[in-house]
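Engineer: Structure of the sequence below:
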Amino acid sequence: MWTEARPGLPAALAALALLAAAAPAATEGGWTRLTTPEIADALVARTIAFDNGATQEFRADGTTTYDSGSGPSAGKWRASDDEYCSIWPPSEDWVCFDVERSADGLDLRFTSTGGGFSVGRYIDLR
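Structural biologist: Sure, this is the predicted structure:
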């Protein structure tokens, strides 16, 4: 669930997350920030579930599907400059987020430049 609205982009569609196994510097509260290669490795062929019941699938070709229960939305994703970025038509703007994993490696947190965040969990690691 987002803690801030994203103008021009539905907050539900912007909710995304990641996981990686490498060991970058730890951050406050047991979260570890991921690098570009860790983000890419963490997302390919994975599905994440969010607290609001939505799920998101990530494919190797850079396509992604977000489903909040009212039908899937198709978008694109990439990892760049140590951030996860996504674009959801009809918008033509990429929106990027810092990505962190929890200490137990199950939860993923995406933080916007404004400080809002969304937390999700890999479905297959529950």
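Engineer: Output the longest helix belonging to the chain.
Structural biologist: As assigned by DSSP state H, the longest helix anywhere in the chain is helix 36-43.
Engineer: How about that one, which residues are buried there?
Structural biologist: By neighbour count on 16 or more other C-beta atoms under 10 Å, the buried set for helix 36-43 is 38-43. (Each C-beta comes from the backbone N, C-alpha and C, glycine too.)
Engineer: Which SSE is immediately downstream of the helix or strand bottoming out on mean pLDDT in the chain?
Structural biologist: Using mean pLDDT, DSSP states H and E, the weakest-scoring helix or strand in the chain turns out to be helix 11-14, at a mean of 33. Sequence order places strand 32-33 as the next helix or strand after helix 11-14, per DSSP states H and E.
Engineer: can you give me the offset of that next one from its chain's centre?
Structural biologist: For strand 32-33, the separation from the chain centroid amounts to 13 Å (computed by C-alpha atoms, centre = their mean, to the nearest Å).
Engineer: count of residues packed around S118?
Structural biologist: 24 (other C-beta atoms under 10 Å).
Engineer: does it sit in a helix, a strand or a coil?
Structural biologist: strand (DSSP: H, G, I helix; E, B strand; the rest coil).
Engineer: Give the bridge partners for it, please.
Structural biologist: Per DSSP bridges, the residues bridged to S118 are F110.
Engineer: Likewise for P72?
Structural biologist: Beta-bridge partners, per DSSP bridges, of P72: D67.
Engineer: shouldn't it be in contact with T64?
Structural biologist: No. Between P72 and T64 there is no contact under C-beta atoms under 8 Å: 10.0 Å.
Engineer: F58: which of the buried residues of helix 36-43 is nearest?
Structural biologist: Among these, L43 lies closest to F58 (C-beta to C-beta), at 4.0 Å.
Engineer: doesn't A79 make contact with that closest one?
Structural biologist: Yes. L43 sits in contact with A79 when judged by C-beta under 8 Å, with a separation of 7.2 Å.
Engineer: How far away from the center of its chain is the longest helix of the chain?
Structural biologist: For helix 36-43, the distance to the chain centre is 11 Å (C-alpha atoms, centre = their mean).
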